[in-house]
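Colleague: any chance you can model this:
(one chain, ligands or ions: 1)
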Amino acid sequence: MFTRRAADGGARFAFTDRWGGAGAAPFDELNLGGHVGDDPHIVAENRARVAAAVHLAAERVVWMDQVHGNTVTVVDGPHLSPIPATDALVTRTPGLALAVLVADCVPVLLADPFVGVIAAAHAGRPGLAAGVVAGTVEAMCKLGADRSRIVATTGPAVCGRCYEVPEAMREEIAGRVPAARARTREGTPALDIPAGVWAQLAAEGVSSGTDTGEKSHICTRESADHFSYRRDRTTGRIAGYVWLAED
Ligand SMILES: [Zn+2]
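Modeller: Down below sits the predicted model:
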């Protein structure tokens, strides 16, 4: 269902894949997105299954109504409905999970386990350009996090060899984030959003060394185990979860 890794001090990270849920094609099986045309009851069932698998109460998972912007919202308790118009969540409340939905965009999970501040961010092309990563790190620091201690992990996303864009779009994004400049296998203009995210994290003082960071090398467009909007258009969403364990 998902991969998981734990950081010192009780921070937990998890990323789902598309298997282990109750959904039918084209949302088979574990679609967690509530805005993609899938049956809401099945989405709720799928969210409950993941919560149970990671020993969380489903109502203590906070979701976002993601809009490809750079708004960061601090939360300190459960929310029954998604936080409106936001692309990053930050909390220091133990046992409260933050979730980010993707199907090609980069799910970014961050934690300063020492002070117990965590964040989840949604970084696609517009979010990368708008600085959602820097805004998230800044919001964490306002709650007491230290950049040098922040542990980062990014989940499955479309890779630079698969994300073809018009030349003008590549130049516009690469003008702000040079590391995102890429080429497809065919040699046409492309963007590498994960590389751009990690360059932005490094610029914020968050290291990508093995002690503090882990980058998924799964390309959603190439993986039969993941949803990909670029590949399938009508499809589900995987999710990244971050939380501070209470034990
Ligand atoms: Zn790829």
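Colleague: what helix or strand does the most centrally placed residue in the chain sit in?
Modeller: What sits nearest the mean C-alpha location of the chain, by CA atoms, centre = their mean, is Pro107, with 1.5 Å. Using DSSP states H and E, Pro107 sits in strand 106-112.
Colleague: nearest spatial neighbour of the residue nearest to the centre of the chain, chain-adjacent residues omitted?
Modeller: Counting by CB to CB, 6 or more residues apart in numbering, Pro107 lies nearest to Gly240, which is 3.5 Å off, once chain neighbours are set aside. The way it works is simple: take the backbone N, C-alpha and C, and place the C-beta from them, glycine included.
Colleague: tell me which helix or strand of this protein sits lowest on mean pLDDT?
Modeller: Taking mean pLDDT, DSSP states H and E as the measure, the chain has strand 2-6 as its least confident helix or strand, at a mean of 69.
Colleague: output the longest helix belonging to the chain.
Modeller: Ranked by residue count and defined by DSSP state H, the top helix of the chain is helix 40-53.
Colleague: chain center to it, what's the gap?
Modeller: The chain centre lies 18 Å from the centre of helix 40-53; the measure is CA atoms, centre = their mean, to the nearest Å.
Colleague: and for stretch 94-102?
Modeller: Once both centres are worked out by CA atoms, centre = their mean, stretch 94-102 turns out to sit 10 Å from its chain's centre.
Colleague: what's the neighbour count on the closest residue to Arg161 other than its chain neighbours?
Modeller: Once flanking residues are discounted, Arg161 sits nearest to Arg185: 5.1 Å by CB to CB, 6+ apart. By other CB atoms under 10 Å, the residues close to Arg185 number 9.
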